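**Q** I would like to see how this sequence folds:
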Amino acid sequence: MRNVGLIYKTAIDRRPTLKARLNSFGGGGKQVRTIHALNDINLDIDYGQVLGVIGANGAGKSTLMRVIAGILPPTQGRVEVYGSVSTLLALGVGFNPAMTGRQNVYLGGLAAGLSQEQIEENFEEIADFSELGEAIDSPMRSYSSGMYARLAFSVAATVKPDILIVDEALSTGDAKFKEKSFNRLKELRGQDRALILVSHAMLTLREVCNDVVWLHKGKLIQRGEPGAVIDAYQEFLHVGKSAAVDEDL
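**A** Next comes the predicted model:
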């Protein structure tokens, strides 16, 4: 990734003042706001690397993940990706709530580039890992957020992509499944794949990642050893390093 920037414009409705109404003969208007979501990002991610991405809400973390995944084209710069990418950007993205969990496994697998035969070969592993039991054949609109998380992660991790992007999708769910999910991430880490984790759970990032980047207002502020970058980020936020803070930032 070289000199990547992303700019978008959004229209904001505004109520005209009496003076504005008179000047424009009663017409209203929309104010256009230009947002620099990413600003001159340079980033290399190698296979075998587990990269954590931290920053406050609005820092550009999710936008960066969407650019890497090819969902959003950058306004400037270039992104080169070598290998297959599986994304877990948010709960239920790509799923059809009216379809069953079983049907969505196929939907998600096809979206990740698998053939129907490959999905069939991996279906039992995905279903077993999700621990949904008979609910796998229920419509996903009946699922809790935790059940969504289980199935989404099970599909993304079982595909065994060259690059796996997980953006906050594991923040929902019970503690047992979270532990199981991160154990799977550790397995993938040992298989010469590239993992990118966006999370506010600092303890998890300290344990799982071997590299961390800190984004702030679309800019890459710091990159390096997880402990050093996380400590600098927390100092920037003027917070302590209690267990509660580490999991809630």
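
**Q** And the strands in the chain?
**A** Residue ranges of the strands in the chain, as given by DSSP state E, are 2-14, 29-41, 50-54, 76-78, 85-88, 163-167, 194-198, 211-216, 219-224.

**Q** any idea how far N122 is from V67?
**A** Computed as Cβ to Cβ, to the nearest Å, the N122 to V67 distance reads 28 Å. Backbone N, C-alpha and C define where each C-beta goes, glycine included.

**Q** Neighbour count for the two, which is higher?
**A** Comparing N122 with V67 by other Cβ atoms under 10 Å, the one with more neighbours is V67, at 23 against 19.

**Q** what domains does the record give for this structure?
**A** Following automatic domain parsing, one gets these domains for the chain: 45-83+162-249, 92-159.

**Q** Could you check how many residues crowd around K176?
**A** Residues lying near K176 (other Cβ under 10 Å) number 9.

**Q** swap in E225?
**A** Other residues near E225 come to 13 when the count uses other Cβ under 10 Å.

**Q** residues touching it, list them.
**A** Contact analysis of E225 by Cβ atoms under 8 Å, 6 or more residues apart in numbering lists 211-212.

**Q** any chance of the domains of the chain in JSON lines, with distance to K9 and mean pLDDT too?
**A** Listed next are these as JSON lines, based on distance: least, Cβ to Cβ, whole Å; pLDDT from 0 to 100:
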{"stretch": "domain 45-83+162-249", "distance to K9": "11", "mean pLDDT": "86"}
{"stretch": "domain 92-159", "distance to K9": "24", "mean pLDDT": "87"}
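
**Q** could the ones you listed go into TSV alongside distance to V32?
**A** TSV is the format used below for these (distance: least, Cβ to Cβ, whole Å):
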stretch	distance to V32
domain 45-83+162-249	16
domain 92-159	28
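
**Q** what are the bridge partners for the most centrally placed residue in the chain, then?
**A** In the chain, the centroid-proximal residue (Cα atoms, centre = their mean) is D167; its distance is 2.0 Å. Beta-bridge partners of D167, counted by DSSP bridges, are V198.

**Q** The strands of the chain: which one's closest to F95?
**A** strand 85-88 (11.3 Å; Cβ to Cβ).

**Q** ok, residues contacting that closest one?
**A** Identification of contacts with strand 85-88 by Cβ under 8 Å, 6+ apart yields 65, 68-71, 93, 112, 152-153, 156-157, 159, 161-167, 169-170.
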